[in-house]
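Trainee: Sequence first, predicted model second:
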Amino acid sequence: MRSAPTCLATLDTRPRKQGQVKIRSFMPGIYVHIPFCKQKCRYCDFTSFPNRLNFAEAYMACLYREIEMRGKELGTFRFDTVYIGGGTPSVIDAKYIYGLMKKIVTCFHLTKDPEVTIELNPGTVDKEKIALYARAGINRYSVGLQSADDGQLAELGRIHTAEDFRTCAELLAGKNFSADVMIGLKGQKREDVERTIRLAAECGASHISMYALTPEDGTPIYTDYLNGELPDSDEVAELYDAGYACLKSLGYLRYEVSNFSKPGFGSRHNMNYWKRGEYIGFGVSASSFFCGRRFTNTFDLDEYMKCVLSGHFPVIESEEVSEEDAKFEFVMLALRTAFGLSARAYEKQFGTDWRRDFSEAYRKTEQYLVTEGDVTRIRDEYLFVQNSILIEYAP
Ligand code: SF4
């Protein structure tokens, strides 16, 4: 059970002593959660409220306040990325996003050339919105396509059609944008996956994220899963392989199990997560990792607003990451990526040899790994089933 929000004591931002877990190897990022959507997709278990768009103005005022509060604490740090996710950030008036970015640049130091991403859903943007986003400093867009098949989109409860995606992509012509593609859908064939990827590529996506549908307990789609209507894990693996081959043939490089980009267009924000870099999250349900602590905001919209309005951080969980957990996170996150795990980077951070720290797990999984120089990666053909490999490394 979650405890009531508490005021998180001021973060300890002093440099760590030698021998403790070292932090801040990479430039930190900022995440902002906008929890509003037009309607709830059938598979969604994210924190999103389809019936509360009328709270957008009050919510954004609270977000600005939370940013100010945290800015006072972390104003001396420099941040390299901002990611505005949700929910559907593009469903609210663009003036709030403009105000949000103004608040962020006032309260935080960003690098000279920050990567600033916003998530969009087709059918929720127009020319004026995109123009205001650009004026706000947004330079990367992540568009929820999911499928090129209107029947599958309707089945998922998405608000848009494939044609809406085309229109959205036209509005983004010449800009850096990513498209989300989903695999593991009811009745989905490999040709469907390929058609969706081709649509995204034709429309100019510089980046494609290909995720497997996860039927979460409590979502309507979970019933489909229980009824055996969704592809099983072997079928999903085949869809992934088909998608991977198609992406490769179109010039998209895999840099993480679910993420593919044209050269030079990998997401800096996500790379920071996978390199175990720090980030600070704002908004309902946002999580953070900073100064050796992981902490999470309340998932309750009313509680979030009440807490911030009374001048408290809306944090419900906060814990210092132990050295053992930090080592596991480092290994797990690095092995998810195509860049793999650098023994030197591990030793620099923890002062030990990762193979010695995880000798038993390494022995059991060595056959699925390949080592070149000081870097170890999961072999290409096993990357999609990485979870069953990484589980061996869990503390
Ligand atoms: S648009 Fe995204 S956040 Fe909103 S309901 Fe659908 S999956 Fe959930």
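Mentor: Nice, I can see it.
Trainee: who's in contact with the residue nearest to residue 102 when sequence neighbours are not counted?
Mentor: Spatially, and ignoring its direct neighbours in sequence, residue 102 is nearest to residue 136 (7.5 Å; CB to CB, 6 or more residues apart in numbering). Every C-beta, even on glycine, is put in place using the N, C-alpha and C of the backbone. Residues near residue 136 by CB atoms under 8 Å, 6 or more residues apart in numbering: 94, 97-98, 100-102, 116.
Trainee: Next one: residue 136 relative to residue 278, how far apart?
Mentor: Remark: distance between residue 136 and residue 278 (CB to CB, to the nearest Å) = 24 Å.
Trainee: Equivalent analysis for residue 306, please.
Mentor: Residue 306 is 28 Å from residue 278, by CB to CB.
Trainee: Who has more neighbours out of those two?
Mentor: residue 278 (22 against 15; other CB atoms under 10 Å).
Trainee: Let's see which of the contacts of residue 136 end up in helices.
Mentor: Using DSSP state H, the subset of the contacts of residue 136 located in helices is 94, 97-98, 100-102.
Trainee: before we move on, the earlier item: looking at the contacts of residue 136, which is nearest the ligand?
Mentor: residue 97 (16.3 Å; CB to the nearest ligand atom).
Trainee: Could you spell out the sheet neighbours of the longest strand along the chain, each with its direction?
Mentor: The single longest strand within the chain, with elements called by DSSP state E, is strand 109-120. In the sheet, strand 109-120 lines up against strand 78-86 (parallel), strand 140-146 (parallel) (DSSP bridges).
Trainee: How far off centre is the helix or strand just after that strand?
Mentor: Per DSSP states H and E, the first helix or strand lying C-terminal to strand 109-120 is helix 127-136. Relative to its chain's centre, helix 127-136 lies at 23 Å (CA atoms, centre = their mean, to the nearest Å).
Trainee: picking up where we left off before, which of the strands paired with strand 109-120 is buried the deepest?
Mentor: For those, average neighbour numbers computed from mean count of other CB atoms under 10 Å are highest in strand 140-146, which has a mean of 25.
Trainee: Am I right that residue 181 falls within a strand?
Mentor: Yes: secondary structure assignment (DSSP: H, G, I helix; E, B strand; the rest coil) places residue 181 inside a strand.
Trainee: got a list of what it touches?
Mentor: So residue 181 contacts 145-147, 193, 196-197, 200, 208-211, 243 (CB under 8 Å, 6+ apart).
Trainee: again, 6 Å this time
Mentor: 196-197, 208, 210 (CB atoms under 6 Å, 6 or more residues apart in numbering).
Trainee: How about residue 384?
Mentor: Counting by CB under 6 Å, 6+ apart, residue 384 has contacts 237, 240.
Trainee: rewinding a little: can you put the strands paired with strand 109-120 in TSV and add mean pLDDT?
Mentor: Output for the strands paired with strand 109-120, formatted as TSV (pLDDT from 0 to 100):
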stretch	mean pLDDT
strand 78-86	97
strand 140-146	98
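Trainee: Let's have those strands in CSV, adding distance to residue 314.
Mentor: Below are the strands paired with strand 109-120 laid out as CSV (distance: least, CB to CB, whole Å):
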stretch, distance to residue 314
strand 78-86, 17
strand 140-146, 25
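Trainee: Show me how this structure divides into domains.
Mentor: Per automatic domain parsing, the domain ranges recorded for the chain read 29-274, 323-393.
Trainee: Show me which residues of this protein are close to the ligand?
Mentor: 37, 40-41, 44, 46, 48, 86-88, 121 (CB under 6 Å from any ligand atom).
Trainee: Most neighbours of all the residues you listed, which one?
Mentor: That'd be residue 121 among those, by other CB under 10 Å, with 26 neighbours.
Trainee: surely that one meets residue 143?
Mentor: No: the pair residue 121 and residue 143 fails to qualify as a contact (CB atoms under 6 Å) at a distance of 7.4 Å.
Trainee: tell me the phi and psi of the residue nearest the centre of the chain?
Mentor: Closest to where the C-alpha atoms of the chain average out (CA atoms, centre = their mean) is residue 270, at 6.2 Å. When read as degrees, to the nearest 10, the backbone of residue 270 gives phi -70, psi -40.
Trainee: What's opposite the nearest residue to it once chain neighbours are set aside in the beta bridge?
Mentor: The shortest distance from residue 270 to any non-neighbouring residue, by CB to CB, 6+ apart, is to residue 259 (6.5 Å). Taking DSSP bridges, one obtains residue 209, residue 256 as the residues bridged to residue 259.
Trainee: didn't residue 259 look like it was pressed against residue 209?
Mentor: Yes: contact criterion CB under 6 Å: residue 259 and residue 209 qualify, at 5.3 Å.
Trainee: I'd like to check which residues are in contact with residue 148.
Mentor: 162, 195-196, 199 are the contacts of residue 148 under CB under 6 Å, 6+ apart.
Trainee: Can you turn the buried part of the residues you listed into a ChimeraX selection?
Mentor: ChimeraX command restricting the contacts of residue 148 to the buried ones, with burial defined by 16 or more other CB atoms under 10 Å:
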select :162,196,199
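Trainee: Among the contacts of residue 148, which lie within helices?
Mentor: Checking those against DSSP H, those in helices are 162, 195-196, 199.
Trainee: Name the residues of the lengthiest helix in the chain that come out as buried.
Mentor: The longest helix of the chain (DSSP H) is helix 56-74. Within helix 56-74, the residues that count as buried by 16+ other CB under 10 Å are 56, 59-60, 62-67, 70-71, 73-74.
Trainee: helices and strands around that helix, which ones?
Mentor: With contacts taken as 3 or more CB pairs under 6 Å, 6 or more residues apart in numbering; DSSP states H and E, helix 56-74 sits against helix 94-107, strand 279-282, helix 301-309.
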